[in-house]
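Student: Got a sequence here, can you model it:
(2 chains)
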Amino acid sequence: MHALQSSNPLIVYLDIKSPYAFIAMEPTLKLQSELGISIDWRPLTLDIPSYLGSARKEGGKVVESNRTPEQWIRIKYAYKDARRYAERQGHMLKGTEKIWDSSIANIGILWVMEQNPGLMGSYLRATFPAFWRRELNIEEVAVVEDCLQKAEVTITGFRDFLQRDGRAKHDALQKQLHPSGIYGVPTYIIDREIFFGREHLPYIRWCLSGRSGDAPDMAYEV
Amino acid sequence: MFELYIDFKCPASYLALQPTVDLAAKLDVDIHFGAFDSKQVAIPVKAEKENKSETHIRVRAEQSRNIHKHYAKLQGLKMNFPDQPGNTFPALAVLADWQGDPLSYIRVTFASYWEKGADLGSHETVLALASKAGRDLTVQELENSCRFFREKLADTKNSPVFTTPTYLVKDQIFVGRENLPWITEILKQASNTPFK
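Tutor: As a prediction, this is how the structure comes out:
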């Protein structure tokens, strides 16, 4: 798997623990449905402490943190912003209490791609909203299996995939990302061009629809 | 009316200008332009040995510049990125103290920085740009503006503005022109006049 190449016209990188990936889910599925295209969905498991510092909350209070005041201001705005857009989509978005290891749920994305990519929307809808309501412990395999089953994706072989091929594919892909210019989610790849953020969906739609008329500026679709 | 806080050295501010001006014209609302001395950093040079954090910061900065260039091309704007972001404090001080519509000053100042690499930290340059936009300032007036702006920034520690471009619309804060569709909705709801 090459980080920038696919037989599908669009690659989308997601991480279940990213609020911005969460609120990109519905607009991206809408784009897929409108254009009738196949998307190559892929995981990008963020290493948040490496660029945003880390913190741990208990009972809504920060009990550990190595973040700068500037990082806190940006993080607080990012959550507030993501929350209001999530609410527009009819979703609840609660700030996380810790930085999660989302690799199991993200390897679930690779599993769905192998089993039945047509069920990706169902898997993402079974996972993202419940996680952001703080109802899912995505570090437990059984919880991710439950999401797969809710999406009607078989779980036979998932544990083996998680231990072997899936983990190996996931880890190999992560190593390619920075050298390829990919660093966050959601990231969209079209014709090897990299677009970070759902604000590029109007431009991506324009590209995939034949590039007629003026190219649109970036915008969050509401 | 809504507020837009900009910084001349901020590429996203430059790219936000025309779409925002177009929106304001379409909705027949005024923009109050605010100045904010944002933190812009140079793109780090790839080191032989980088840790994960350093790589992330470099890759993010490189991609961010690529995206700005991509949309600048679509807007027909030239953007020459300096190796180091320039000092824009005096130019922002003039904007903060501008009487009347500052749009022509904003346009010439942005263009001079991004197209010609003008030094907006130079009082001489800033005085020339202000003059070009129709406001002749003395050196003393510019220094007063700088002092006023410094005090204003110190006073805005509790302000919601922490970066640029920032939109203050009714009781909401939005960072980035990608929020213009929602801003449009708010402005439309706030107005009872039919839209053009």
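
Student: Now A:Ile11: phi and psi?
Tutor: When read as degrees, to the nearest 10, the backbone of A:Ile11 gives phi -110, psi 140.

Student: Do me a favour and get the end-to-end distance for stretch A:204-222?
Tutor: End-to-end span of stretch A:204-222 (CA to CA, to the nearest Å): 16 Å.

Student: what's next to it, contact-wise?
Tutor: Counting by CB atoms under 8 Å, 6 or more residues apart in numbering or on different chains, the neighbours of stretch A:204-222 from elsewhere in the structure are A:9-10, A:27, A:31, A:34-35, A:37, A:85, A:88, A:188, A:190-191, A:195, A:197-203, B:19, B:71, B:74-75, B:177-182, B:185. For glycine as for every other residue, the C-beta is placed from the backbone atoms N, C-alpha and C.

Student: Counting neighbours, which of those residues end up buried?
Tutor: By neighbour count, with 16 or more other CB atoms under 10 Å in any protein chain shown, the contacts of stretch A:204-222 hold A:9-10, A:27, A:31, A:85, A:188, A:190, A:195, A:197-203, B:19, B:71, B:177-180, B:182 as buried.

Student: how about the lengthiest helix in chain A, does it get close to chain B?
Tutor: In chain A, ranked by residue count with DSSP state H as the criterion, the top helix is helix A:69-88. Yes - judged by CB under 8 Å from any CB of the partner chain, helix A:69-88 comes into contact with chain B at A:70, A:73-74, A:77, A:81.

Student: moving C-terminal of the lowest-mean-pLDDT helix or strand in chain B, what's the next helix or strand?
Tutor: Within chain B, confidence by mean pLDDT, DSSP states H and E is lowest for helix B:139-155 among all helices and strands, at a mean of 93. The helix or strand immediately downstream of helix B:139-155 is strand B:166-169, counting by DSSP states H and E.

Student: packing partners for the helix or strand just after that next one?
Tutor: Next along the chain after strand B:166-169, taking DSSP H and E as the criterion, comes strand B:172-175. Packed against strand B:172-175, as judged by 3 or more CB pairs under 8 Å, 6 or more residues apart in numbering or on different chains; DSSP states H and E, are the following elements: helix A:69-88, strand B:166-169, helix B:180-190.

Student: Point out the most buried one among these.
Tutor: For the helices and strands packed on strand B:172-175, ranked by mean neighbour count under the definition mean count of other CB atoms under 10 Å in any protein chain shown, the leader is strand B:166-169 at a mean of 22.

Student: and it, which strands flank it?
Tutor: strand B:2-6 (antiparallel), strand B:172-175 (antiparallel) (DSSP bridges).

Student: can you list those in a markdown table and add distance to B:Lys132 and mean neighbour count?
Tutor: Written out in a markdown table, the entries for the strands paired with strand B:166-169 read as follows (distance: least, CB to CB, whole Å; neighbours: other CB atoms under 10 Å in any protein chain shown):
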| stretch | distance to B:Lys132 | mean neighbour count |
| --- | --- | --- |
| strand B:2-6 | 18 | 22 |
| strand B:172-175 | 30 | 19 |
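
Student: dump the residue contacts of residue 38.
Tutor: Chain wasn't specified; assuming chain A. If you count contacts by CB under 8 Å, 6+ apart, then A:Ser38 has A:8-9, A:32, A:117 around it.

Student: wrong one, chain B
Tutor: Residues touching B:Ser38, when contacts are defined by CB under 8 Å, 6+ apart, comprise B:7, B:9-10, B:13, B:163-164.

Student: Now it: closest residue in space, sequence neighbours ignored.
Tutor: With sequence-adjacent residues excluded and distances taken as CB to CB, 6 or more residues apart in numbering or on different chains, B:Ser38 is closest to B:Asp7, at 4.1 Å.

Student: How far off centre is the lengthiest helix in chain B?
Tutor: For chain B, the longest helix by residue count, based on DSSP H, is helix B:52-75. In terms of CA atoms, centre = their mean, to the nearest Å, the centre of helix B:52-75 is set 18 Å apart from its chain centre.
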